[in-house]
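Asker: structure here, sequence nowhere to be found:
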C-alpha cells in the first residue's frame with residue numbers, strides 16, 4: 001500500500017527533522033534538571049487569560065512542588081504575527097503563571113522564568129499545530 005502525504009506536511013516534517021539534527025546539540029535546555037514534575041498551561045491566540053481548568057492545574061502543580069528547590073517556567077507563543085510582540089506575549093504568559101503559582105503557595109525565590117525562542121519551537125510548522133505553541137511549560141526538580 002502506498003502512503004500519501006500532503007506536500008505541506010512532508011515539507012514540515014523534513015524541516016523539523018533537519019532542525020532537530022542541526023540545532024538540537026547546540027541548544028541548551030533552560031529547564032534541564034527541572035523535569036521531575038511537568039505540567040502545561042495553554043492559551044488562546046493573543047491572550048494571557050488562564051481558563052478554569054488550567055487554574056486548577058497550576059494550583060495542583062504548586063502543591064506538588066512545595067518542597068522542590070527549583071521550579072522552571074518556559075513561555076512560548078506561536079509563530080503567527082510579529083516576533084517581538086510574540087516575545088512580549090510569551091513573557092506576559094510566564095509572568096501570569098508565575099504570579100498564580102505564588103498565590104497558590106509556591107516560593108517566589110525558587111521560580112525561574114525563561115522564554116523559548118521562536119526558532120526552537122517544535123510545533124507550529126503547520127497552521128493546525130499553532131495552538132501547541134501557545135503555552136507555558138512548568139517543571140520542578142525533586143528535592
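Answerer: Done, it's in. All values derive from a computational prediction rather than experimental measurement.
Asker: state the distance from residue 62 to residue 71.
Answerer: For residue 62, the distance to residue 71 equals 9 Å [CB to CB, to the nearest Å]. Bear in mind the C-beta positions are built from the backbone N, C-alpha and C, glycine included.
Asker: so residue 140, which of the three states?
Answerer: Secondary structure, DSSP: H, G, I helix; E, B strand; the rest coil: residue 140 is strand.
Asker: wait, doesn't it sit right on residue 66?
Answerer: No. Contact between residue 140 and residue 66 fails when scored by CB atoms under 8 Å: they sit 9.3 Å apart.
Asker: more crowded one of the two?
Answerer: residue 140 (29 against 14; other CB atoms under 10 Å).
Asker: per-residue pLDDT, residue 127?
Answerer: Per-residue pLDDT puts residue 127 at 63.
Asker: now for residue 62 and residue 71: what residues contact both?
Answerer: Here residue 62 and residue 71 have 101, 106 as joint contacts, going by CB atoms under 8 Å, 6 or more residues apart in numbering.
Asker: of the two, which one has the most company?
Answerer: More crowded of residue 62 and residue 71, by other CB under 10 Å: residue 71, with 25 against 22.
Asker: doesn't residue 137 make contact with that one?
Answerer: No. Using CB under 8 Å, residue 71 makes no contact with residue 137, being 11.2 Å away.
Asker: which residue ranges of this structure form strands?
Answerer: 37-42, 70-75, 111-115, 135-141 (DSSP state E).
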